[in-house]
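1. Okay, here's the prediction I keep looking at, along with the sequence it came from:
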Amino acid sequence: MLLWLLHAGLCLPHPGGHRSHSPAAPSSETSPVMLAQAGRRPPGTGTARPAADGPAAVIAEACAPFVARGQIQTRSDDRYFFIESNGIPQHPLMIGITAWQQQVPLPQPYTGANAWQIPIHPVPAREPRTTKGAFLRGAIAVAVNGIPIFNPLNNRGEDAFLIGELDTFGGHCGRADDYHYHIAPVHLQETVGKTLPIAYALDGYPIYGYEEPDGSPVRKLDACNGHTGPDGRYHYHATKQYPYLNGGFHGEVVERDGQVDPQPRARPIRPALPPLRGATITDYTSDGRNQAELTYEIAGRAGTVAYWRGADGSITFRFNDPDGTRRTETHRPPPADRTGSPPDRGPPEDRPRKRPPQKQKRAGKRPTAEQPLGTPAARTQAGSRVPPATGAGTLTVTSQSVTASGQLATACTCDGEGVSPAIAWSRVPSGTRSLALSFWHVAPDQEKSYWIVTNIPPTATSLPQAFRLPTATSDGPRLGRNDRGRRAYDPPCSQGPGLKTYHVTVFALSDVPAFPTAGPTRTELLNTIGPITLATGTLDLTVERKTQR
């Protein structure tokens, strides 16, 4: 929903000084933050209110200092305690990172139905589950200041702290420019004290600091980095070595697609960038509202990334590279996010599944993310699944690169040659002047784009497997940019076990679209073709990685 862009400004963090790179770096979260607008709450969520008594009272007490400062809002029902925030903590950010993915802190809409939820009555699992080599996506806990905490191991299974990916407070930004911690935020004890939890695992059990709440030493932690205290209640502890916080889940959780489910989604405004080798982040400054600048060094030469909010809700990034190269990019939030509705996780049929997918989805049934922006389906609130405009047709999309069970051929994945799949379509309506194609995937944290083809002649009925399209022609097909910024096919290479669902959508257009940039991204494609879309068709397919050693 990205209402922070429209109503509350960027809500960017205030500048701060340097800290030593340590999981125990102390801090005082004293600066106020402008909370992202909550928008319309779903029916039954109620108003922000901490529970007066019972198990929720301890969570409310730990969160109270941040509620008082306007950094978070809380509410509860009979089952869950909800924490709303914009995902930006009030302490220095990014400084000290030596393995940087070129992402920067942007506020996130963790509000309404997209708020963090902590089970008030956690249930011990019959078999506790480890986070080592599992739950490598998404959060495993949430801090009492409203900042998510991810697995200490990154999505490649590496210790994010040891390899230099974290700042002096144990956090960094993910692919959606979402700031999160990867180790226990022990610095919060300066605000909440040592007698209260600093975070809660998503199974509902609290996480305390390096000592017991009564100040005594911690003894005999189990494999999940927790134990039962003298009061008979189970809790986790922070440690200075791996796993740093809960090393698993003592309580019941549901794992879906490699992460705890349900949990909020971050909303990216731009494609993720690759790592910048040799960079060390040395400074980060912000006016706390509309603009910020990150400074880094490579081989002693400084570079900067400055960004600011425009009046239309866009974010402009100005890159000054150490070699003197300068460039500017402007990204706008998708119109579907401007409705004020919570982000849409999609119904169960849109999520990865182990049964073969349907060969053909009707245009009005596909995930909202791929509805052309400008059609009625795109303009409705997230979660409203209505057909395209009256008169819009449905293409039939097939592929000889997909098996009878619905799986994409290995040759078209990163486990094979990585070539583009064969795609064919039929039932193109009269009046079609061009076609476009999008290969995409709905991940738990964002929508991803792997292949964009535009300017396909209306007489074409297919693209063969491994077909190499020119990067630029005067009148033939053209390649758009995938999420890696390349005008090429990016073969699926999903992490974790199990089947993952991908989609190929073909659009029949009443005109040859004029894009704002050469090689449009998926967002630019959907923004441009909405008013000229005559028909669409989507083919679902699955990918299952080979056993990864």
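-> All right, it came through fine. Numbers count the residues shown, from 1 in each chain.
2. And stretch 317-324, what's buried?
-> 317, 320-322 (16 or more other CB atoms under 10 Å). Heads up, the C-betas are built off the backbone N, CA and C, glycines and all.
3. So which residues of the stretch 51-200 of the chain form strands?
-> 73-76, 80-84, 116-119, 124-130, 139-143, 148-150, 171-173, 179-181, 199-201 (DSSP state E, counting those that start in this stretch).
4. Adding mean pLDDT, distance to Val512 and mean neighbour count, write those out as JSON lines.
-> Output for these, formatted as JSON lines (pLDDT from 0 to 100; distance: least, CB to CB, whole Å; neighbours: other CB atoms under 10 Å):
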{"stretch": "strand 73-76", "mean pLDDT": "95", "distance to Val512": "48", "mean neighbour count": "23"}
{"stretch": "strand 80-84", "mean pLDDT": "97", "distance to Val512": "45", "mean neighbour count": "23"}
{"stretch": "strand 116-119", "mean pLDDT": "98", "distance to Val512": "45", "mean neighbour count": "23"}
{"stretch": "strand 124-130", "mean pLDDT": "96", "distance to Val512": "53", "mean neighbour count": "12"}
{"stretch": "strand 139-143", "mean pLDDT": "99", "distance to Val512": "44", "mean neighbour count": "28"}
{"stretch": "strand 148-150", "mean pLDDT": "98", "distance to Val512": "43", "mean neighbour count": "26"}
{"stretch": "strand 171-173", "mean pLDDT": "98", "distance to Val512": "38", "mean neighbour count": "25"}
{"stretch": "strand 179-181", "mean pLDDT": "98", "distance to Val512": "41", "mean neighbour count": "26"}
{"stretch": "strand 199-201", "mean pLDDT": "99", "distance to Val512": "53", "mean neighbour count": "29"}
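5. Of these, give the one that comes closest to Asp490.
-> strand 171-173 (21.5 Å; CB to CB).
6. got the contact list for the closest one?
-> 89, 93-94, 97, 100-101, 103-106, 147, 160, 165-166, 179-182, 185 (CB atoms under 8 Å, 6 or more residues apart in numbering).
7. That strand pairs with which strands, and in what direction?
-> Here strand 171-173 is paired, per DSSP bridges, with strand 179-181 (antiparallel).
8. How about residues contacting the partner strand?
-> Taking CB under 8 Å, 6+ apart as the rule, strand 179-181 contacts 87-89, 93, 105, 139, 143, 147-150, 166, 169-174.
9. Among the buried residues of stretch 317-324, name the ones in helices.
-> Using DSSP state H, the subset of the buried residues of stretch 317-324 located in helices is empty.
10. And the helices in the stretch 401-549 of the chain, which stretches?
-> Counting by DSSP state H, counting those that start in this stretch, one finds helices in the stretch 401-549 of the chain at the ranges 522-529.
11. oh, I was asking about the stretch 51-200 of the chain
-> Applying DSSP H, counting those that start in this stretch to the stretch 51-200 of the chain gives helices spanning 56-68, 189-192.
12. Pro491 reaches Ala409, doesn't it?
-> No: look at Pro491 against Ala409 with CB atoms under 8 Å: they stay out of range, at 10.6 Å.
13. overlap in contacts of the two?
-> Common contacts of Pro491 and Ala409 (CB under 8 Å, 6+ apart): Gly416.
14. The two: which is more packed in?
-> Pro491 (22 against 19; other CB atoms under 10 Å).
15. what's around Tyr110, how many residues?
-> 30.
16. what's across from it in the sheet?
-> Here Tyr110, judged by DSSP bridges, has bridge partners Ser85.
17. on that earlier part again, for the strands of the stretch 51-200 of the chain, which one sits closest to Val543?
-> Closest among those, once you apply CB to CB, is strand 148-150, at 23.8 Å.
18. So which other helices or strands are in contact with the closest one?
-> Using 3 or more CB pairs under 8 Å, 6 or more residues apart in numbering; DSSP states H and E as the contact test, the elements touching strand 148-150 are strand 139-143, strand 179-181.
19. Any chance of CSV for these, columns distance to Thr74?
-> CSV is the format used below for those (distance: least, CB to CB, whole Å):
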stretch, distance to Thr74
strand 139-143, 11
strand 179-181, 19
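20. which ones are touching Gly303?
-> Contact analysis of Gly303 by CB under 8 Å, 6+ apart lists 279, 295-297, 319-322.
21. now with 7 Å?
-> 296, 320-322 (CB atoms under 7 Å, 6 or more residues apart in numbering).
22. Give me the residue ranges of this protein where confidence is low.
-> Applying pLDDT under 70 to the chain flags the ranges 1-53, 334-393, 444-446, 470-475, 496-497, 547-549.
23. and it, what are its domains?
-> Listed by automatic domain parsing, the domain ranges of the chain are 279-335, 344-543.
24. and Arg522, which of the strands of the stretch 51-200 of the chain is closest to it?
-> strand 171-173 (21.0 Å).
25. Off-centre distance for that closest one?
-> Distance of strand 171-173 from the chain centroid (CA atoms, centre = their mean, to the nearest Å) equals 13 Å.
26. same question, stretch 98-105
-> 15 Å.
27. Give me the residues contacting that stretch.
-> Here stretch 98-105 has contacts from 13, 88, 93-94, 163-165, 173-175, 177, 179, 272-273, 275-276, 279-281, 294, 296, 305, 307, using CB under 7 Å, 6+ apart.
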